[in-house]
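Visitor: sequence below, structure please.
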Amino acid sequence: MAVTLTPAALERVRRFLERDPQALGLRFGVERTGCSGWGHVADLARDQRDGDTVFEQDGVRIFVDATSLPLVDGTEIDFARQGLGEAFLFRNPNAKAECGCGESFTTEHA
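Guide: Sure thing, here's the model as predicted:
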């Protein structure tokens with residue numbers, strides 16, 4: 001089991017963590033949303049919760065809750081400039097289909 005960050009995403013998360021010394025790392029998971037069912041969510045982790053799995057990559061910790069883990073296991077998180085904006089990109093091998101707008105995804109099991 002693993003969730004990994006590309007070098008660009010790792011650098012971006014480090015910058016967020018430097019600005020917020022109380023943050024423990026990155027919290028990554030899913031929530032029910034959109035027309036396909038699941039949406040990726042990423043934020044700074046403020047605490048470690050019961051059931052969290054913690055991955056560490058080059059000193060950056062990634063916290064994933066137990067409900068999200070089977071849906072995001074194997075995901076590679078990237079960071080890229082897109083047009084005038086910037087965004088985290090999620091390469092999730094569990095996503096079998098995405099909605100037309102790309103905001104949500106579905107899996108074989110949900």
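Visitor: burial check on Thr30, number of neighbours?
Guide: Check again: residue 30 is Val, not Thr. Counted with other C-beta atoms under 10 Å, residues neighbouring Val30 total 26. Bear in mind the C-beta positions are built from the backbone N, C-alpha and C, glycine included.
Visitor: Met1 now?
Guide: If we define neighbours as other C-beta under 10 Å, then Met1 has 10 of them.
Visitor: list the contacts for the closest residue in space to it that isn't next to it in sequence?
Guide: Spatial nearest neighbour of Met1, chain neighbours left out: Asp73 (5.0 Å); criterion: C-beta to C-beta, 6 or more residues apart in numbering. By C-beta atoms under 8 Å, 6 or more residues apart in numbering, the contact list for Asp73 reads Met1, Ala2, Val3, Asn94.
Visitor: now do the same contact list for the first one.
Guide: Applying C-beta under 8 Å, 6+ apart, we find Met1 in contact with Thr53, Leu69, Asp73, Gly74.
Visitor: try it again with 10 Å
Guide: Residues near Met1 by C-beta atoms under 10 Å, 6 or more residues apart in numbering: Thr53, Phe55, Val64, Leu69, Pro70, Val72, Asp73, Gly74.
Visitor: likewise for the third one?
Guide: Listed by C-beta under 10 Å, 6+ apart, the contact partners of Val3 are 26, 28-29, 53, 55, 57, 62-64, 68-69, 72-77, 90, 92.
Visitor: now which of those would you call buried?
Guide: Buried members of the contacts of Val3, scored by 16 or more other C-beta atoms under 10 Å, are 26, 28-29, 55, 57, 62-64, 68-69, 72, 75, 77, 90, 92.
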